[in-house]
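# what follows is a predicted protein model with its sequence.
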Amino acid sequence: MGYFQTFMRQFRARLFLVMLINNVLILADWYIVDQVVKLTGWWAFLAIIAVPLISLGIIPWLSTRSLTQPTKFLWQAIMHIAPGTASEVGAPAPEQLHLGRELVTNLINQLYQLTSVVQGMEQAGAKAALDIHTNFIASSLPLPLIVLDKEEKIVFANEATAKYFDKPASELAGQDIYTAVDMSFSTEETLHSWLKSVKNKSVTAEHRWERVRTGLPGQEGGLQFDLAAYYNQNNSSGYESLLVLFDHTATYSEDDQSLSFVALSVHELRTPLTLLRGYIEVFNDEIGPDLDEEMQRFMKQMDAAAQQLTAFVENILNVAKIEDNQLTLQLHEANWPEVIDSVVKDMRLRAGVRGITITTNIAENLPTAGADQYSIYEVLANLLDNAIKYSKDKDEITVNVIENKEGFIETSVHDNGVGVDESILPHIFDKFYRNHRNQAQIGGTGLGLYLAKAIVEAHDGNIWVNSKVGAGSTFTFTVLPYAQLKGAGKVGTSPEITRNAHGWIKNHALFRD
């Protein structure tokens, strides 16, 4: 209150001085007009009111400028600290004031202190909000949430994560993610490889994996989940990667058990199927030539059906092996035209039953391929079987083989059948996926293309499809020439390279070579 009282006294003094000067000027004007100049009449009247009129214009202007200086300095101080205007309005200099200097200086200091306190509270609040350990949403999220730093170490794991892995959150914190959680992936793009890739080329990125496991197939107590990851480079809080887990252990385990049960059941069909095909072959050799045309057609249909059933059994068993990481491939040097001819020769019988012809166009001077002839037979047989099923009767299927620009051996199977809708193409190689538009009319398991993709990728090749509804489909896959296969896969002088088809892959170890 002392500063304000001082200001009031100074203000009254200034106001008194202004009024005094004004009155003195009026009296001096009257004295000069009446006693010195001795004007009379209208001239005297005009001379006397001239000074008050002039003072009414000049004195308020001068006094206002002086009396409002404290307000101006306070305005300047407020604008100087206001958001968005600090760079436009400079800080005031209250020491230049003559009126209310102490009061204005004190008020400006109080304003600066209050601003400092508010900023400190805002920073503390922002820090608390950024601190994920005190973040209610992160801690209360019902899904397992893991946050990693630049070194891919765990800086935060919520309670749901601790319960999911049955480990205290404090035990997880500070650990390398790959040590704390023993994850295995069904593709070569693991969390480790993805993070390594995006750190070199992206500021932010996100990715999702399905059917991630803890441990490997066949291990007891393993968890299965989908994993979503978000990456943010140079995050100011040090939270560079965010992982969210979606538990599907029960669902995926049920799928695995169902497939294992089916595989076990189907396995029992192999012996009677072998006997059946043996009998059909004997009948063809012994009495085939003596049968009439209709009976020979029946025998061909029986043979084709037995082949188709055998292919179905092999697909089921091979997919079960893939899921358990037990399908081992032995890649040898193979004459690719001979591989193609052997598969096409066997499939021509099945195609012939429907009046469909299979023709081959094989380029000359192809290099030898690195292939497991048994599994690669399954790939081409499944592609031809699909082409037969989805072609119209008396159609033609074409198999083309070339050496492409990258030096790979490229094989395509083209049909003129019903084709595949564009919306279905992204899922065409998924396990158990069937085209809902024609699955009632055309039989199948939805495993053939899944199996083909797994085997081709185990050969270091690629497989893709081009299709249009009503115009047929072309399935194409590549295999490497034997000379280009990874030298690391060879042992000594052995020409053989061992692979696991579509094996589960850990973050730091590749189990396919």
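The structure has been received and is ready for your questions. Numbering: from 1, shown residues only.
# contacting residues for residue 351?
357, 358, 384, 388, 397 (C-beta atoms under 8 Å, 6 or more residues apart in numbering). Yep, even glycine has a C-beta here, placed from its N, CA and C like the rest.
# so where's the longest strand in the chain?
strand 204-214 (DSSP state E).
# let me know the next secondary structure element after it.
strand 224-232 (DSSP states H and E).
# how distant is that following strand from the center of its chain?
Its chain's C-alpha centre and that of strand 224-232 lie 8 Å apart, by C-alpha atoms, centre = their mean, to the nearest Å.
# now do it and strand 204-214, the angle between them.
Strand 224-232 runs at 160 degrees relative to strand 204-214, counting by axes from the mean of the first three to the mean of the last three C-alpha atoms, to 10 degrees.
# would you mark the buried spots in stretch 227-241?
By 16 or more other C-beta atoms under 10 Å, the buried positions in stretch 227-241 come out as 227, 229, 231, 232, 235, 239, 240, 241.
# residue contacts, the fourth one?
By C-beta under 8 Å, 6+ apart, the contact list for residue 232 reads 203, 204, 239, 240, 241, 242.
# now, the most widely separated pair of the buried residues of stretch 227-241?
Greatest spatial distance in those: 227 and 235, 19.7 Å, computed using C-beta to C-beta.
# the helix or strand where residue 79 lies: which residues count as buried?
Taking DSSP H and E as the definition, residue 79 sits inside helix 69-81. If you call a residue buried by 16+ other C-beta under 10 Å, then helix 69-81 has these buried ones: 69, 70, 73, 74, 76, 77, 80, 81.
# three-state assignment of residue 417?
coil (DSSP: H, G, I helix; E, B strand; the rest coil).
# ok, the one 4 residues further on next?
What three-state DSSP gives for residue 421 is coil.
# doesn't residue 469 make contact with it?
Yes - look at residue 421 against residue 469 with C-beta atoms under 8 Å: they come within range, at 5.5 Å.
# element containing residue 473?
Taking DSSP H and E as the definition, residue 473 sits inside strand 472-479.
# adjacent strands (with direction) for that strand?
strand 409-415 (antiparallel), strand 463-468 (antiparallel) (DSSP bridges).
# wait, residue 222 sits on residue 214?
Yes - under the criterion of C-beta under 8 Å, residue 222 makes contact with residue 214 at 5.2 Å.
# correct me, but residue 165 touches residue 175?
No - using C-beta under 8 Å, residue 165 is not in contact with residue 175; the gap is 11.2 Å.
# so between those two, which is more surrounded?
Taking neighbours as other C-beta atoms under 10 Å, residue 165 and residue 175 compare with residue 165 leading, 20 against 14.
# hang on, residue 459 packs against residue 339?
No - contact criterion C-beta under 8 Å: residue 459 and residue 339 do not qualify, at 11.9 Å.
# comparing these two, which shows the higher neighbour count?
More crowded of residue 459 and residue 339, by other C-beta under 10 Å: residue 459, with 25 against 20.
# coming back round to it: what's the overlap in contacts for residue 459 and residue 339?
With C-beta under 8 Å, 6+ apart, residue 459 and residue 339 have common neighbours 371, 376.
# between the two ends of stretch 139-157, how far is it?
8 Å (C-alpha to C-alpha, to the nearest Å).
# can I get the contacts of residue 351 in TSV including secondary structure?
Below are the contacts of residue 351 laid out as TSV (three-state DSSP):
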residue	secondary structure
357	strand
358	strand
384	helix
388	helix
397	strand
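# would you point out the most distant pair within those?
357 and 384 (11.9 Å).
# residues contacting residue 452?
With C-beta under 8 Å, 6+ apart, residue 452 has these contacts: 378, 379, 382, 383, 429, 463, 477.
# distance of residue 401 from residue 45?
According to C-beta to C-beta, to the nearest Å, residue 401 and residue 45 sit 123 Å apart.
# out of these two, which sits in the busier spot?
residue 401 (17 against 12).
# contact partners for the spatially closest residue to that one that is not a sequence neighbour?
Of all residues not flanking residue 401 in the chain, residue 362 sits nearest, at 4.4 Å (C-beta to C-beta, 6 or more residues apart in numbering). By C-beta under 8 Å, 6+ apart, residue 362 lies in contact with 336, 337, 340, 399, 400, 401.
# quick check: domain ranges of this structure?
Here the domain parsing of the chain from automatic domain parsing is 2-127, 137-247, 325-502.
# of those, which is nearest residue 285?
domain 325-502 (14.7 Å).
# so residue 46 is in which element?
Going by DSSP H and E, residue 46 is part of helix 41-67.
# what is the rounded mean pLDDT of that helix?
Helix 41-67 shows a mean pLDDT of 70 in the predicted model.
# same thing with stretch 388-405?
Averaged across stretch 388-405, pLDDT comes to 88.
# also stretch 425-436?
Taken as a whole, stretch 425-436 carries a mean pLDDT of 70.
# what do you get for stretch 463-481?
Mean per-residue pLDDT for stretch 463-481: 90.
# buried residues in it?
463, 465, 467, 472-481.
# can you redo those as JSON lines with distance to residue 346?
Formatted as JSON lines, these follow (distance: C-beta to C-beta, whole Å):
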{"residue": "463", "distance to residue 346": "21"}
{"residue": "465", "distance to residue 346": "23"}
{"residue": "467", "distance to residue 346": "25"}
{"residue": "472", "distance to residue 346": "23"}
{"residue": "473", "distance to residue 346": "21"}
{"residue": "474", "distance to residue 346": "21"}
{"residue": "475", "distance to residue 346": "18"}
{"residue": "476", "distance to residue 346": "21"}
{"residue": "477", "distance to residue 346": "18"}
{"residue": "478", "distance to residue 346": "22"}
{"residue": "479", "distance to residue 346": "19"}
{"residue": "480", "distance to residue 346": "24"}
{"residue": "481", "distance to residue 346": "25"}
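# looking at those, which two lie furthest apart in space?
472 and 481 (29.1 Å).
# in the sheet, who's paired with residue 231?
Going by DSSP bridges, residue 231 forms beta bridges with residue 205, residue 241.
# OK, contacts around it?
195, 198, 199, 202, 204, 205, 206, 240, 241, 242.
# show me where the stretch 201-350 of the chain has helices.
Along the stretch 201-350 of the chain, counting by DSSP state H, counting those that start in this stretch, helices occupy 249-267, 270-286, 293-323, 336-353.
# of the ones you listed, which shows the lowest average pLDDT?
Ranked by mean pLDDT, the helices of the stretch 201-350 of the chain bottom out at helix 249-267, with a mean of 63.
# how many neighbouring residues does residue 160 have?
Applying other C-beta under 10 Å, I find that residue 160 has 19 neighbouring residues.
# that one contacts residue 141, doesn't it?
Yes - applying C-beta under 8 Å, one finds residue 160 in contact with residue 141, separated by 6.3 Å.
# any shared contact partners between those two?
By C-beta under 8 Å, 6+ apart, residue 160 and residue 141 have no common neighbours.
# not counting sequence-adjacent ones, nearest residue to residue 244?
residue 228 (4.7 Å).
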